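**Q** here is a sequence together with a model predicted from it:
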Amino acid sequence: MLLSTELPLSIVDGFTRTLLLCNLTPKPIITHTSTAIVSFSWTLLLSSLVFANGDLFITSMFSFLELMRHPSRISMLCSRTLSRSGRSSI
């Protein structure tokens, strides 16, 4: 089950992130009209970080908005050593 589902998806994820980071991210930054953005050495690194990992935050945001539309109890599970009075649910 794991090899038939996770392996192909991780390969596709790797190829799409590579395409995003190598072809789509550098061009708008290098050809930007502002010299401050083009000359700043961290611009490409920070934009690649946001573009490559932003999908997790966007997906989480949409699932949280769905939760706000249909309210239910939000709970978080943690280990007994981290919670107060030994309870495992907050």
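**A** That came through, no problem.

**Q** what is the longest helix belonging to the chain packed up against?
**A** Ranked by residue count and defined by DSSP state H, the top helix of the chain is helix 43-69. Applying 3 or more CB pairs under 8 Å, 6 or more residues apart in numbering; DSSP states H and E, one finds that helix 43-69 contacts helix 26-30. C-beta: built from backbone N, CA, C; applies to glycine.

**Q** CA atoms of the helix or strand just after the helix it packs on as CSV?
**A** Downstream of helix 26-30, the first helix or strand assigned by DSSP states H and E is helix 35-39. What follows is helix 35-39, C-alpha atoms only, in CSV (Å, rounded to 0.1, in the frame of the first residue of the first chain):
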residue,chain,number,x,y,z
THR,A,35,17.1,47.2,-8.1
ALA,A,36,16.8,46.7,-4.4
ILE,A,37,15.0,43.4,-4.9
VAL,A,38,17.3,42.2,-7.7
SER,A,39,20.5,43.1,-5.7
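
**Q** list the buried residues for the lowest-mean-pLDDT helix or strand in the chain?
**A** Every helix and strand of the chain was ranked by mean pLDDT, DSSP states H and E. The lowest is helix 43-69, at a mean of 74. Within helix 43-69, the residues that qualify as buried are 43, 44, 47, 48, counting by 16 or more other CB atoms under 10 Å.

**Q** now for those: which two are most distant?
**A** Spanning the widest gap among the buried residues of helix 43-69 are 43 and 48, at 9.5 Å by CB to CB.
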